[in-house]
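Chemist: Sequence first, then the predicted structure:
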Amino acid sequence: MTTKPDVPGTYVFDIADSRHGHAINELCSTLTTPAHRARFLADEADYCDHFDMTPAQRTAVLQRDWRSLLDLGGSIFHVLKLATVDKLSMQHLGGVFTGMTTEDFIAAMRAGGRRCG
Amino acid sequence: MTTKPDVPGTYVFDIADSRHGHAINELCSTLTTPAHRARFLADEADYCDHFDMTPAQRTAVLQRDWRSLLDLGGSIFHVLKLATVDKLSMQHLGGVFTGMTTEDFIAAMRAGGRRCG
Amino acid sequence: MAEVTWGLATSHVPSIGAAMDNRRTQEPYWKPLFDGYRQARDWMADHTPDVIVLVYNDHANAIGLDLVPTFALATAASFPVADEGWGPRPVPTVYGHPELAQHLVECLVDDAFDITVAHRLAVDHGFTVPLSVYHPDPGDAWPCPVIPLLVNVIQYPQPTAARCYDLGKALGRAIRAYPEDLKVAVFGTGGMSHQLAGERAGLINPVFDAMFMSKIQSDPQALASLSRETYIREAGSEGIEMIMWLVMRGAMDEDITRISDTYHVPASNTAAALALFENRAPGR
Amino acid sequence: MAEVTWGLATSHVPSIGAAMDNRRTQEPYWKPLFDGYRQARDWMADHTPDVIVLVYNDHANAIGLDLVPTFALATAASFPVADEGWGPRPVPTVYGHPELAQHLVECLVDDAFDITVAHRLAVDHGFTVPLSVYHPDPGDAWPCPVIPLLVNVIQYPQPTAARCYDLGKALGRAIRAYPEDLKVAVFGTGGMSHQLAGERAGLINPVFDAMFMSKIQSDPQALASLSRETYIREAGSEGIEMIMWLVMRGAMDEDITRISDTYHVPASNTAAALALFENRAPGR
Ligand SMILES: [Fe+3]
Ligand SMILES: [Fe+3]
């Protein structure tokens, strides 16, 4: 069991991801108080300045580039908080990750979920 | 090994102490930044108001009642931070705990330490 | 002496809690799931424990990434409900059981489990949703104290399934060593198959889930021997949460009786399930 | 493959660091202690490792009481020096070794150690004093990266001495499994006998310390079998820190060579000691 699982189409968030994505995850984790959510929504760029993000990470946050947020070290549970301030559902993100519309993704789930491999 | 060590004359800080002494330890742990140290020294009573202390705990903090601080759930490493803002040494506390003057305590240590039991 | 009287395995999907909080449980989307809970809920209402030990994982709410415990047990007297980004769920504050919690930590550490002791903890959906599944209408207070036992399932390396099962066994020993006569229920939460991100988002694997649902009673050792990669490949990156069911299972006897179970797809992106076991050999 | 080349056991008393920071090492109070370090320091200067794994405990600085890990390993790229109440020590920031640290966590968790992963950590005297004992004049930078491995010794239940020794053995296996050719030194810190509070404050037990100093080389299993109560009764409530020497010892081979040791009373309220071992059988 000593190696990290390698499953195509699947993020397995690990310690290196945590290191690389630290600023993304730290920013997202602050969104658990109403005051921080309000401050973020009032001036997102300024809010980002308080975190030591790379330009790519900053862009991914501001543009809600969900795939890039994960590729740049975001943990799905942290990134989800950013979707939550936008009032976007997990089904919306599921659509983004799979290249489907939200409606199609919801329909796929209601039909029993996606069989993957 | 399943029971807590019971050694006379010795504090063995445990989970129950942590629960009872939470406010003391929390206050002391804030004294690790210069800003908090300054604020504490400027108005100790007001500073105490920010922590959910019992009256006895509050009195022990304000009066630097070192024994009571430990008896009321303080951890020695937390309580030591309070001594540090007062520029008191560990030898001073050693004297207090053993009923000796600081000088006698230091002398006892230089003579090889105290044989206890 | 304390004893483990029953064990509940249940998904802890946030939308299950939201459906209850927003009174949508009778809508077509949700009704089948909640209908499936009914039998178990009735039985549990007749068997209120003195304490619950609830095994779950935090989801970026109380436990950040700066300090990630493999196993943490919470010893505080009460646990506020976390704001996860949409405000706290409208459910009561949870009261702990500091004395039993301290006893469990001491036993587990002596038993070579390297437990992190949490003294302050806000509890998120991973914790409150199982309580709601158990007890839908708490009013002002939950029916009994609850001790949180947290497992890292979101950052590799998670504990192995085998280690979780072993933790459960040690937890059972620790509970049985507590001198007070307490009836303790153990909840294992999370799962079943689901994956939130990546190209496999939306994955559901009913075959694996059915296998797991069966063997959690009859052959937990087989589940404990599965690798992390097997869990993630078969059940999805978040399906690995099912290793937490093994902690519950380990705390129970070898032979247990299934009171009720249910399985439903979907609860948002997840295969939701419940399995309730009484801690006695079948037919006895 | 990586290997453990030497092991250092040393006290980590804050005043030892303060004596160095304030250039008081030649004063009569301190000179005997620092004279005792000389031989070991010379040898270590000739044997700079590629990485150090430093086993220590935090003292209410980076680890509060709200979340107390039994064992934590830090994976960050750098670690600032903590302000413990009198400002940070004037020593360099410590650089970590994230790749080796991650490998160690993965191996240890697979080996059934329930490690807490620390990604952000300010290091206190428990960590920086041993580095200063090893290398008194770092200038702008320490000689090599250092990985912090933290042990809870301040809140009962501490891990047992046996568990610490076993952790050391697993740590040794994990280091030897790292594919890169790295020379790794392991530091076990804390002790020797001391007690800060209570009526027994100022306790020093040279008989126990001498026994421990001898058996850490020749019979660590005997030390691993001592109970917490024995450590606390014989060596004081803070003398239990010595269990951290067993982590270092466990990471080394069965037969090791003593390069140097020293023992001095007092360093403020503590019996201060150093023992340096090369990881090879004596005479080979
Ligand atoms: Fe979950
Ligand atoms: Fe120490």
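Modeler: All right, it came through fine. Ligands and ions are numbered 1, 2, ... in the order given.
Chemist: Spell out which parts of the stretch 151-284 of chain C neighbour chain D.
Modeler: By the criterion of C-beta under 8 Å from any C-beta of the partner chain, the positions of the stretch 151-284 of chain C lying close to chain D are C:155-160, C:162-163, C:166. From N, CA and C alone the C-beta is placed, and that goes for glycine too.
Chemist: Run a quick neighbour tally on the residue in chain A positioned nearest to chain D.
Modeler: Nearest residue of chain A to chain D (C-beta to the nearest C-beta) works out as residue A:15 at 4.5 Å. For residue A:15, the number of neighbouring residues by other C-beta atoms under 10 Å in any protein chain shown comes to 25.
Chemist: Kindly report the same for residue A:90.
Modeler: There are 24 residues near residue A:90, going by other C-beta under 10 Å.
Chemist: and what of residue C:47?
Modeler: Other residues close to residue C:47 by other C-beta under 10 Å number 14.
Chemist: element containing it, please.
Modeler: Here residue C:47, judged by DSSP states H and E, is contained in no helix and no strand.
Chemist: Just give the closest residue to it, not the sequence neighbours.
Modeler: Nearest residue to residue C:47, sequence neighbours excluded (C-beta to C-beta, 6 or more residues apart in numbering or on different chains): residue C:6, at 6.2 Å.
Chemist: helices or strands next to the helix or strand containing that neighbour in the packing?
Modeler: Using DSSP H and E, residue C:6 sits within strand C:3-10. Judged by 3 or more C-beta pairs under 8 Å, 6 or more residues apart in numbering or on different chains; DSSP states H and E, strand C:3-10 is in contact with helix C:31-45, helix C:125-134, helix C:161-176, strand C:183-189, helix C:243-251, strand C:270-278.
Chemist: still on that earlier bit, which residues touch the residue of chain A closest to chain D?
Modeler: For residue A:15, the contact set (C-beta atoms under 8 Å, 6 or more residues apart in numbering or on different chains) comprises C:155-156, D:75, D:98, D:101-102, D:105, D:117, D:119.
Chemist: With respect to ligand 1, which of the residues you listed is nearest?
Modeler: residue C:155 (13.1 Å; C-beta to the ion).
Chemist: Flag the shaky bits of the stretch 51-200 of chain C, pLDDT-wise.
Modeler: By pLDDT under 70, the stretch 51-200 of chain C has no low-scoring segment.
Chemist: quick one: what helix or strand has the one residue in it that gets nearest to ligand 2 in it?
Modeler: Of all residues in the stretch 51-200 of chain C, residue C:117 sits closest to ligand 2, at 18.7 Å by C-beta to the ion. In this assignment (DSSP H and E), residue C:117 forms part of strand C:116-118.
Chemist: roughly how far is that strand from the heart of the chain?
Modeler: 18 Å (C-alpha atoms, centre = their mean, to the nearest Å).
Chemist: before we move on, what about stretch C:220-240?
Modeler: Relative to the mean C-alpha coordinate of its chain, stretch C:220-240 is positioned 16 Å out (C-alpha atoms, centre = their mean).
Chemist: related to what we said a few turns ago, with mean neighbour count and distance to residue D:171 as extra columns, can I get the helices and strands packed on strand C:3-10 in JSON lines?
Modeler: Output for the helices and strands packed on strand C:3-10, formatted as JSON lines (neighbours: other C-beta atoms under 10 Å in any protein chain shown; distance: least, C-beta to C-beta, whole Å):
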{"stretch": "helix C:31-45", "mean neighbour count": "16", "distance to residue D:171": "44"}
{"stretch": "helix C:125-134", "mean neighbour count": "26", "distance to residue D:171": "31"}
{"stretch": "helix C:161-176", "mean neighbour count": "22", "distance to residue D:171": "17"}
{"stretch": "strand C:183-189", "mean neighbour count": "26", "distance to residue D:171": "31"}
{"stretch": "helix C:243-251", "mean neighbour count": "29", "distance to residue D:171": "25"}
{"stretch": "strand C:270-278", "mean neighbour count": "25", "distance to residue D:171": "38"}
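Chemist: and of those, who's closest to residue A:31?
Modeler: Residue A:31 lies closest to helix C:125-134 among these, at 15.6 Å (C-beta to C-beta).
Chemist: Touching that closest one from outside, list them.
Modeler: Here helix C:125-134 makes contact (C-beta under 8 Å, 6+ apart) with C:8, C:10-14, C:16-17, C:20, C:37, C:41, C:44, C:52, C:54, C:56-59, C:79, C:81, C:84, C:89, C:91, C:94, C:138, C:142, C:146, C:148, C:187, C:189-190, C:274.
Chemist: Also stretch C:102-116?
Modeler: Contacts for stretch C:102-116 (C-beta under 8 Å, 6+ apart): B:1-2, B:4, B:14-16, C:53, C:69-73, C:75, C:117, C:147, C:167, C:170-171, C:173-175, C:177-178, D:67-71, D:113-116, D:156-160, D:163, D:166.
Chemist: hang on, the earlier thing: so can I have JSON lines of the helices and strands packed on strand C:3-10 showing distance to residue B:68?
Modeler: Compiled in JSON lines, the helices and strands packed on strand C:3-10 are given as follows (distance: least, C-beta to C-beta, whole Å):
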{"stretch": "helix C:31-45", "distance to residue B:68": "46"}
{"stretch": "helix C:125-134", "distance to residue B:68": "37"}
{"stretch": "helix C:161-176", "distance to residue B:68": "34"}
{"stretch": "strand C:183-189", "distance to residue B:68": "37"}
{"stretch": "helix C:243-251", "distance to residue B:68": "41"}
{"stretch": "strand C:270-278", "distance to residue B:68": "49"}
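Chemist: wait, which of these is closest to residue B:45?
Modeler: Closest of the helices and strands packed on strand C:3-10 to residue B:45 is helix C:125-134, at 37.8 Å (criterion: C-beta to C-beta).
Chemist: so the residue positioned nearest the centre of chain A is in which element?
Modeler: Taking C-alpha atoms, centre = their mean, the centroid of chain A lies closest to residue A:79, which sits 2.9 Å from it. Assigned by DSSP H and E, residue A:79 belongs to helix A:76-85.
Chemist: Specify the angle between the longest strand belonging to chain C and helix C:125-134 in degrees.
Modeler: Using DSSP state E, we find that the single longest strand of chain C is strand C:257-267. Going by axes from the mean of the first three to the mean of the last three C-alpha atoms, to 10 degrees, strand C:257-267 is angled at 120 degrees with respect to helix C:125-134.
Chemist: roughly how far out does strand C:257-267 sit from the chain middle?
Modeler: 14 Å.
Chemist: Now do that strand and strand C:3-10, the angle between them.
Modeler: 20 degrees.
Chemist: Could you report the neighbour count for residue A:48?
Modeler: Neighbour count of residue A:48, defined by other C-beta under 10 Å: 18.
Chemist: What residues does it make contact with?
Modeler: Contacts of residue A:48 by C-beta under 8 Å, 6+ apart are A:27, A:58, A:61-62.
Chemist: buried subset of these?
Modeler: A:27, A:58, A:61 (16 or more other C-beta atoms under 10 Å in any protein chain shown).
Chemist: where does the second one land on pLDDT?
Modeler: Note for residue A:58: predicted pLDDT of 98.
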